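In: Predicted model, plus sequence, below.
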Amino acid sequence: MNELAIKDLLYKLADDQLILGHRNSEWTGFGPILEEDIAFSSMAQDKIGHSLAFYTLLQELGEADPDTVAFTRNANQFHNSQLVELPNGEYDFSLIRHFLYDNAEIIRFEMLSQSSYEPIAKVATKLKGEVKYHVLHANTWIKNLGSSTEEAILRLQSSLNEALPYALAMFENSKYEQELIDAGVYAGEEAVKTEWLKRIQAVIDKTDLKLPDLATIEPKFGGRYGEHTEHLQPLLDEMAEVFKIDPTAEW
């Protein structure tokens, strides 16, 4: 199997987890209710742990150690989707992003747990159990708030409309897409997207929300290969602030 193809896959998995983990951590102390403060903080911890697992696999393939990879690259070297780097905004936007992202991520992990590349299969099998609870949390809140007050429904609908162009870009094809599929490493982004649409539609159907016509939406591609919004570099600078003071420090 082409090692570059495996690295390409691992970087997008790891970078998504790291960046969204940091965004989720920004809710610590600011959640709309204590329960959600704790939930987003816990999910942030999980996601950063997931990123470490994938960065460790990259190190085993000859890349730098996880701290160096996480804290010394610039925005144009990151492979995360633009969805995860967007500012949290109000709770409704963060909840919609959580719903859209984690429903995709559980499908990826389910598929990757069957990967022909054993190191990825082992990690995905271990981590998908944690992501299952993230999905349960997101789906429960979308169902509850999406069927509640007029204000809640309007705000969620607005955030859904805003987030979808970025969410669709989660499924940007790899440069090695067909190679990964043919080798049985990964079922591919189109397969993930197809299943994702079924799952999010099933949840939305239980609410007063409407999924817009996706044919009219232009995905915000580019994040997988270094094209990012103006929001990513400041986030990276903040993340790396302590590490850059003394990269050799042990905590």
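Out: Done, it's in. Numbers count the residues shown, from 1 in each chain.
In: For the stretch 151-251 of the chain, which segments count as strands?
Out: Applying DSSP state E, counting those that start in this stretch to the stretch 151-251 of the chain gives no strands.
In: Over to the stretch 1-150 of the chain?
Out: Under DSSP E, counting those that start in this stretch, the stretch 1-150 of the chain gives no strands.
In: now the helices for it?
Out: 3-25, 34-60, 66-71, 82-85, 91-112, 118-145, 150-168 (DSSP state H, counting those that start in this stretch).
In: who does the longest one touch, helix- and strand-wise?
Out: Right, the one you point to is helix 118-145. Packing contacts for helix 118-145, counted by 3 or more Cβ pairs under 8 Å, 6 or more residues apart in numbering; DSSP states H and E, involve helix 3-25, helix 34-60, helix 91-112, helix 150-168, helix 189-204. For every residue, glycine as well, the C-beta is placed using N, CA and C.
In: Mind checking those helices for the one nearest to K175?
Out: helix 3-25 (6.5 Å; Cβ to Cβ).
In: who does that closest one touch, helix- and strand-wise?
Out: Against helix 3-25 (3+ Cβ pairs under 8 Å, 6+ apart) you get helix 34-60, helix 82-85, helix 91-112, helix 118-145, helix 177-182, helix 232-245.
In: chain center to it: distance?
Out: 8 Å (Cα atoms, centre = their mean, to the nearest Å).
In: Sort out which residues of that helix are buried, please.
Out: Buried residues in helix 3-25, counted by 16 or more other Cβ atoms under 10 Å: 5-25.
In: again with stretch 209-229
Out: L209, P219, K220, F221, G223, R224, H228, T229.
In: if we take those, which one ends up nearest to P119?
Out: Distances from P119 to the buried residues of stretch 209-229, taken by Cβ to Cβ, are shortest for R224, at 21.0 Å.
In: where does the residue lying closest to that closest one once chain neighbours are set aside sit relative to Y186, distance-wise?
Out: Sequence neighbours aside, E172 is the residue nearest to R224 in space, at 4.6 Å (criterion: Cβ to Cβ, 6 or more residues apart in numbering). Using Cβ to Cβ, to the nearest Å, E172 is found at 14 Å from Y186.
In: How about A121?
Out: Applying Cβ to Cβ to A121 and Y186 gives a distance of 10 Å.
In: shared neighbours, the two?
Out: L112, S115 (Cβ atoms under 8 Å, 6 or more residues apart in numbering).
In: re earlier: now do the phi/psi pair for the residue nearest to R224.
Out: phi -60, psi 130 (degrees, to the nearest 10).
In: Give me the neighbour count for it.
Out: When counting by other Cβ atoms under 10 Å, one arrives at 19 neighbours for E172.
In: so it touches E227, yeah?
Out: No. Using Cβ atoms under 8 Å, E172 is not in contact with E227, being 10.0 Å away.
In: Residues contacting the lowest-mean-pLDDT helix or strand in the chain, please?
Out: Lowest on mean pLDDT, DSSP states H and E among the helices and strands of the chain sits helix 232-245, with a mean of 84. Identification of contacts with helix 232-245 by Cβ under 8 Å, 6+ apart yields 19, 22-23, 67, 70-75, 78, 80, 82, 85.
In: Lovely, talk soon.
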